[in-house]
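>>> can't give you the sequence, but here's the structure:
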């Protein structure tokens, strides 16, 4: 299955976020991840028009600091914002495993639920990764597992998950320069989404640009990978 190219965009205000989101789609992104946590004033009133305008092509993420994000408000405020955004029925919503387990969020059938888990110091054993993935798949539609890669074998450890679980329900890759291999190979393993960024605008270490991934996927397609 050919993955969708998602462009993660960050901004300090709504106007900038809207401009970057539309640019991301114009230059080849299939989806755009709106990193709401970077906004200085994530007002639902201002966000509603943008979310409704791009609803079928967006992933909504409000990542807290304890999971590597930029949201600096109280957790109660973040959950309230998430509930309001869910009512707008975006194509995808990205929620941390801990958030889903601790909160009383109600989901709608229109939004695909990406349940995510991050590890920023290393990559755990395959057994631990597998148990976490299984737990996420019980709570959502797609499991997203992202870990810091410190050596080549850790890339393989992450990619082995695609042999254990349905690839179309898994997004798994490594962070940092040493994790770039797993990002690229996840394209071939069957991941439904590959994350990219605008040039000079990465939101995670080692994130490739949308242009780089389009070029790689064009070469793979010319070689008959998705025939």
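Ah, there it is. Because the structure is a prediction, the values reported are computed rather than measured.

>>> between the two ends of stretch 55-69, how far is it?
For stretch 55-69, the first-to-last residue distance is 22 Å (C-alpha to C-alpha, to the nearest Å).

>>> quick check: buried residues in that stretch?
For stretch 55-69, a neighbour-count test (16 or more other C-beta atoms under 10 Å) marks 57, 58, 59, 60, 61, 62, 63, 64, 67, 68, 69 as buried. C-beta coordinates here come from the backbone N, C-alpha and C atoms, glycine included.

>>> per-residue pLDDT of the first one, please?
The predicted local distance difference test score for residue 57 is 96.

>>> give the contact list for it.
Remark: with contacts taken as C-beta atoms under 8 Å, 6 or more residues apart in numbering, residue 57 is in contact with 25, 30, 31, 32, 91.

>>> can you put those residues in a markdown table and add pLDDT and neighbour count?
Below are these laid out as a markdown table (pLDDT from 0 to 100; neighbours: other C-beta atoms under 10 Å):
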| residue | pLDDT | neighbour count |
| --- | --- | --- |
| 25 | 96 | 18 |
| 30 | 97 | 16 |
| 31 | 98 | 22 |
| 32 | 98 | 25 |
| 91 | 96 | 16 |
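
>>> just give me the closest of the residues you listed to residue 130.
Taking C-beta to C-beta as the measure, residue 130 lies nearest residue 31 of the contacts of residue 57, at 26.8 Å.

>>> what about residue 36, neighbour count?
Using other C-beta atoms under 10 Å, residue 36 has 25 other residues around it.

>>> count of neighbours near the nearest residue to residue 209 once chain neighbours are set aside?
Leaving out its chain neighbours, the residue that sits closest to residue 209 by C-beta to C-beta, 6 or more residues apart in numbering is residue 199, at 5.1 Å. Number of residues near residue 199 (other C-beta under 10 Å) recorded here: 10.

>>> and residue 199, which of the three is it?
Secondary structure, DSSP: H, G, I helix; E, B strand; the rest coil: residue 199 is coil.

>>> you'd agree it is up against residue 212?
No: look at residue 199 against residue 212 with C-beta atoms under 8 Å: they stay out of range, at 9.2 Å.

>>> all helices for the chain, in order.
Counting by DSSP state H, the chain has helices at residues 14-26, 44-53, 75-86, 97-102, 126-139, 152-159, 161-164, 180-189, 210-222.

>>> ok now the longest one, how far from the chain's centre?
This points to helix 126-139. Distance of helix 126-139 from the chain centroid (C-alpha atoms, centre = their mean, to the nearest Å) equals 17 Å.

>>> the inter-axis angle of it versus helix 152-159?
Note on geometry: by axes from the mean of the first three to the mean of the last three C-alpha atoms, to 10 degrees, helix 126-139 and helix 152-159 are set 30 degrees apart in direction.

>>> over to the second one?
For helix 44-53 and helix 152-159, the angle between their directions (the same axes, to 10 degrees) works out to 80 degrees.

>>> contact partners of helix 44-53?
14, 17-18, 21, 34, 36, 58, 60, 81, 84-85, 88, 90.

>>> and if you look at the last one?
For helix 210-222, the surrounding residues in contact (C-beta under 8 Å, 6+ apart) are 2, 5, 7, 24, 27-29, 184, 187-188, 194, 196-199, 226.
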